[in-house]
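> This is the structure alone, sequence omitted:
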């Protein structure tokens, strides 16, 4: 089994710490070769039964982007109603999407009806397909960050409405909507933590049974 140097281990830890959910982008374009290189991380990702269920849709047209932005704005308005008082005011002040600025936007789906992998490992846990997509997303996120790109994961969306607007197959399920581009600024602390929305737990609790 290959062992990696202490320097590499520290660099990897730094990369994980600097992987941030970016919502503030510069509008400068992303080189296509650089993007393709980062997306190559999907081909290295683990998946249940080697099913590789991720399906990517690049959202480029003005019409599609407008539809997704309208989806977000409606969902965000609804979400605000779930808060009150100071929490509502703080929520309303947050920038929760980089859709207006991000030069690259991807909708990432799980193909729930894929025959690849012959069902191995998902007979009792079919949700493993979506977990596999998330694993691939995290590898891509790290690969993008290592190249200086920022990634923002937008989850305040109506997934069924988005699937209709993008005209995707009926057996695809939305896992993530990603905004990708050059970050407006750099930082290793999550914006939600900096703005006082929530704090990170300092220690991991592992239960013993």
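Thanks, I have it. Fair warning: this is a prediction, and the values are worked out from it, not measured in the lab.
> how about residue 177, phi and psi?
phi -120, psi 120 (degrees, to the nearest 10).
> which residues does it bridge with?
Beta bridges link residue 177 to residue 107, residue 154 when assigned by DSSP bridges.
> What is the burial count for it?
24 (other CB atoms under 10 Å). Every C-beta, even on glycine, is put in place using the N, C-alpha and C of the backbone.
> Spatially central, which residue of this protein would that be?
By CA atoms, centre = their mean, the chain has its centre lying nearest to residue 153, at 3.6 Å.
> Averaged pLDDT, stretch 71-86. What do you get?
Mean per-residue pLDDT for stretch 71-86: 97.
> Let me fix that, I meant to ask about stretch 168-186.
Here the average pLDDT along stretch 168-186 is 96.
> Quick check: buried residues in that stretch?
Neighbour-count burial for stretch 168-186 flags 168, 172-183 (criterion: 16 or more other CB atoms under 10 Å).
> Stretch 38-50 now?
So for stretch 38-50, counting by 16+ other CB under 10 Å, buried means 38, 41, 42, 45, 47, 48, 49.
> With stretch 48-57 instead?
For stretch 48-57, by 16+ other CB under 10 Å, it's 48, 49, 51, 52, 53, 54, 55, 57.
> follow-up on the earlier one: so which of the buried residues of stretch 38-50 belong to strands?
Among the buried residues of stretch 38-50, no residue falls in strands (DSSP state E).
> Switch the residues you listed over to TSV; also include distance to residue 24 and pLDDT.
Output for those, formatted as TSV (distance: CB to CB, whole Å; pLDDT from 0 to 100):
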residue	distance to residue 24	pLDDT
38	19	98
41	23	98
42	25	98
45	27	98
47	32	98
48	35	98
49	39	97
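> Tell me which of the residues you listed fall in helices.
Counting by DSSP state H, those place residue 38 in helices.
> Nearest to residue 135 among the buried residues of stretch 38-50?
residue 45 (5.5 Å; CB to CB).
> For this protein, which segments count as helices?
Using DSSP H, helices in the chain cover 6-18, 32-39, 62-80, 85-93, 128-146, 159-166, 191-194.
> Distance to residue 207 added to those helices, as JSON lines?
Conversion of the helices of the chain to JSON lines gives the following (distance: least, CB to CB, whole Å):
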{"stretch": "helix 6-18", "distance to residue 207": "24"}
{"stretch": "helix 32-39", "distance to residue 207": "36"}
{"stretch": "helix 62-80", "distance to residue 207": "32"}
{"stretch": "helix 85-93", "distance to residue 207": "30"}
{"stretch": "helix 128-146", "distance to residue 207": "21"}
{"stretch": "helix 159-166", "distance to residue 207": "32"}
{"stretch": "helix 191-194", "distance to residue 207": "25"}
